[in-house]
Every structure is written in structure tokens, then in C-alpha cells.
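1. Show me how the following folds:
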Amino acid sequence: MARVAALREDAAAIRRAALDAVLPERLCAAGGLTLEGPADRLRHAGADVVPVIDLAGCDRIVIVGGGKAAAGLAAGVEALLGPARQARHRVTGLVSVPAGCGRLLACVEVRETRPPGANLPTPDVVRATHDMLALAGSLGPRDLAIAVVTGGGSALLAAPPPGVALDEKIAVTRQLSAAGAHIAEINAVRRAASVVKAGGLARACTAGRLVALVISDVIGDSLDVIASGPCAAAPASAAAALEVLTRYGVQAGSAPGLVAFLDHAAAAHRVPLAGAAADPRAATWMTPRGCLVSQLVLGSNANALDAAAAAAHRLGYTTEVRQARAADESAEDAGRRLAVEGMAVAAAAHRAGAPLAVVEGGEATVTVPAVHGLGGRNQQTVLAALAAVGSAWPTGLLLASIGTDGEDGPTNAAGASADAGIVAAIGRQGLDVAAALERCDAYPLLAAAGGVVRTGTTGTNVADVRLILARP
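-> Below is the predicted model of the structure:
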């Protein structure tokens, strides 16, 4: 089993490289976020932010936001400003993060507002969000607001409108997720029934300028979808949200306040608010209150893939990189596809007498049956690959699917891997892969076989990374 051990070591090294590359502080530097010149102009990727943000003309600076990488991103902003500017601009702020992602910062309060492994808002999230909205609304025309917007922010920035209970939004999110709704569809509902999402944070801001620093967990990096677009340029469509509810069979009786709110909003035929750009993807726009908004994407799934590919190359693999595409693919379909491709890569590595690798990004969906077990999309993907190949698994092949946030469903796993050693363990223990796959009960089986990958909370989030590694 020397090849199995070598593959596991390689996979661990590649995974570490991918995660290290998307740490928020590193993305601040790698993304070229700088303050240069005597006028302290904010620059991104070697050029001034347009319209120019000049700290020489700023009074206060406030940092707000949320997401799994929000604490690290706020730390990166503090490091960029440095102690002298922090004092001069009376920097303060508040960000909302999951438990385990908290840290002590010089100026910004970091609140851990939801439990780990539970990607749903809590009353603490709502309180923190309202505090942020009030803070953003306390600023003047010479002040600067900096919003840190990262993956996972949809559940960490929540403010239901009057008449809509938080419990209703949670119930609908659970129903949609269990029905296999794509994250963009879930966020369409979240955005349409929120005070903070779909540009709500930006529209509440009374500063002269707001710059949103974004780390994307969304394939395609759509600014209106990442964290449900708290600084996006156009409000959400209530009609589109109602279509999602209808498509997945969510009944009015399960969320009467939410459905009534959406019905009323859709009937009003609301158009984009005055001063808002019609295109929700617009990176720069003016709010009705006269706040000029700029949105900058500092990192995404592509950064993780590039780092993983570079690490694989250093380990001697000839590597194919597949940048993630926006596509609805079930975890079961993804796993079966990876199994077929993995077998082909293993055969090619054997013929070539050299290691081969495939690195790809993505984010699969899972439709959970009424009676189900415990798992997550990455574990379900790997389990589907195991079911497809069975005992014919080649000794020189490893497949893995990992969430860069360290969370995969309501488990302590980041994802899973499969290799010949795991297949052997499944056989020795008589574990039923097909039954576990059907029940979405991947975690117990993979844990028993040694296939669960645990990274702990990573403090970042750029969707998933999948690996195919083959050694001759």
C-alpha cells in the first residue's frame, strides 16, 4: 500500500496549499490591495480604485460585514491601514462570523453569531446585523465605510423585514436545501425578504464612500449572489423568489409571513430603487442616499485551484486544471463523473509511467430524502464515486472533494477522499455503500472506513476543490 500512502500525503499537501492561498490576509496582499502615495490612495491590482478613494479626505472609517472569512479580511484591512491611520481615522467596526472563526482585532469587534456546522441565521446574527446597519447609518459624507463580504455571509447577515419571522426564513431555507435547490435559488428567496441583502447594507450607509471587499464562494463571482449581495446594485425580485418557492413546493402555510410579504412586493411591481443601477452585477453605483459604492473581488475558487495545481506540479504530477463553471450538478452525478474520469486518469498514468492529476472546482447539490442520515455534498460526491467503481478501485488512484471552509453539511468534516485503502476497509467491515448513498448517510460510513477529511474551521470560503490523483 505504498502508493496509497504516497497519494494520501500528496493529497494533504495539495489541500494545504489550496487553503493557504485563499486565507483572507493573503488575498488582501495577493490581490494587490495597497495604500500608496502621499495622499493615501486605495489601489487594487496595481491601479487606483475608480472612483478614487483618498484617505487624506476621509474622517472616520468603519468596517462592517460578515461571512466565514470576514474576521481574516477585517484583520487584513487593519494591517493595511496600520496603527497610525487607525488612530487618525478613529477606525471601528463589527463583523459577524461562525463560531470557531472569531479572533481579537485592534479596532473591529468580531462576533461569533452562529454555531459551527449550522449554516442558518440565529437571533444573534439578526442583532449583529441591525448593529451594523445602525453603524453604517451613523456616518457622514466625509466618512468611509468598508464592507467585508465573504462566502457564508447569507447566514451571517440577516435582517428580516417587519412581519417576517426569522423562524420562517430558516424553515424555508431548510426546505429548499433538502429539496436540492441550488444556492443561487436559495439566495434569491433570502435576498427578496431581507433588509440587509440585495444591496440593503449599502443603501443603509450614509457615508460618502463605501468599498466592499469581496471573497467569492460563488461559481462565476456574481456580486448579487455572494453572501446574497449586501452591497449589490439592484434590489431582489420578489416574483423570482416566489417562482423558486413554487418550483420546490414550498407552501404558504409553512411560511405565511414570508409568502405574504413576497406576494405584496411582487404585486407592487417594484422597480430598482432610485439611484440604483439596473444591473445587479455592477461593481460601482450610487445609492439613493448619495453613497458611492465600489465592489472589489479579492479572491475566488480560481485562487485555490491555481495553488492546488502548482502544488501538484511541484510533487511531480502532470496536472489538468478545470476552472469551476456555473452549472447545476448533483453530488451523485459529480461522483459518478469523477469515477469514470478517475479510472481513465489511472489507466493513463499507468501507460505513461508518470503521475497525473486533475484539479477542479465546483459546488454540487444534494436532494435529501425524507428519511436521511448525516453527510454533506462533498462526502456524498465521494460516496457516489465509491459506489460507481466498487471493488475494482485501482491501487494508484485517489479522489477527493473538499469544502474550503472546512464545513461539509452538519458534520465536523470538510469533505472526503477515496482510495484503494478505503475501499478495502469498506469491504472488511461489510459496509453498504449503495444504502448509505440512497439515504444521504455518507458520514458514518466514510468515518468508519477512514475516508472523512477534517480540517477544522479554515476561516475562509471559496466553494469546493476536487482532486483526481493517479500514480503508476
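2. shaky segments in the stretch 101-250 of the chain?
-> Scanning the stretch 101-250 of the chain for pLDDT under 70 picks out nothing.
3. tell me which element the residue of the chain most remote from its centre is part of?
-> Relative to the centre of the chain, the most outlying C-alpha is that of residue 351, 38.4 Å out, by C-alpha atoms, centre = their mean. In this assignment (DSSP states H and E), residue 351 forms part of helix 331-352.
4. Could you do residue 16 as well?
-> Using DSSP H and E, residue 16 falls in helix 2-21.
5. From the rest of the structure, what touches that helix?
-> For helix 2-21, contacts defined as C-beta atoms under 8 Å, 6 or more residues apart in numbering pick out 26, 30, 303-308, 310-312, 315, 317, 357, 359, 395-398, 400, 402, 404, 417, 419-421, 453, 455, 458, 460, 465, 467, 469, 471. From N, CA and C alone the C-beta is placed, and that goes for glycine too.
6. What are the buried residues along that helix?
-> Across helix 2-21, burial judged by 16 or more other C-beta atoms under 10 Å covers 3-4, 6-8, 10-11, 14-15, 17-19, 21.
7. Repeat that for stretch 232-244.
-> Buried residues in stretch 232-244 (16+ other C-beta under 10 Å): 232-238, 241-242, 244.
8. and residue 293, which of the three is it?
-> Secondary structure, DSSP: H, G, I helix; E, B strand; the rest coil: residue 293 is strand.
9. Residue 231 is in contact with that one, correct?
-> Yes: at 5.8 Å, residue 293 counts as touching residue 231 under the criterion of C-beta atoms under 8 Å.
10. Show me whatever sits in contact with both of those two.
-> Jointly contacting residue 293 and residue 231 under the rule C-beta under 8 Å, 6+ apart are 202, 210, 212.
11. Which elements pack onto the helix or strand where the last one lies?
-> In other words, residue 212. In this structure, residue 212 sits in strand 209-215 according to DSSP H and E. Using 3 or more C-beta pairs under 8 Å, 6 or more residues apart in numbering; DSSP states H and E as the contact test, the elements touching strand 209-215 are helix 24-30, helix 70-88, strand 144-150, strand 292-299.
12. which one of these is the most hemmed in?
-> Of all these, strand 144-150 has the most neighbours on average by mean count of other C-beta atoms under 10 Å, namely a mean of 29.
13. Next secondary structure after it?
-> Counting by DSSP H and E, the element after strand 144-150 in chain order, helix or strand, is helix 166-178.
14. Centre of the chain to that next one, how far?
-> Using C-alpha atoms, centre = their mean, to the nearest Å, the distance from the centre of helix 166-178 to the centre of the chain it belongs to is 18 Å.
15. Touching that helix from outside, list them.
-> 120-121, 123, 126, 158, 160, 185-186, 189-190, 193, 244-245, 248, 250, 254-258, 367-368.
16. Just the buried ones out of the residues you listed, please.
-> By 16+ other C-beta under 10 Å, the contacts of helix 166-178 give 120-121, 126, 158, 160, 185-186, 189-190, 193, 244-245, 248, 250, 255, 257-258, 367-368 as buried.
17. out of those, which are inside helices?
-> When the buried ones among the contacts of helix 166-178 are checked against helices (DSSP state H), the matches are 126, 185-186, 189-190, 244-245, 257-258.
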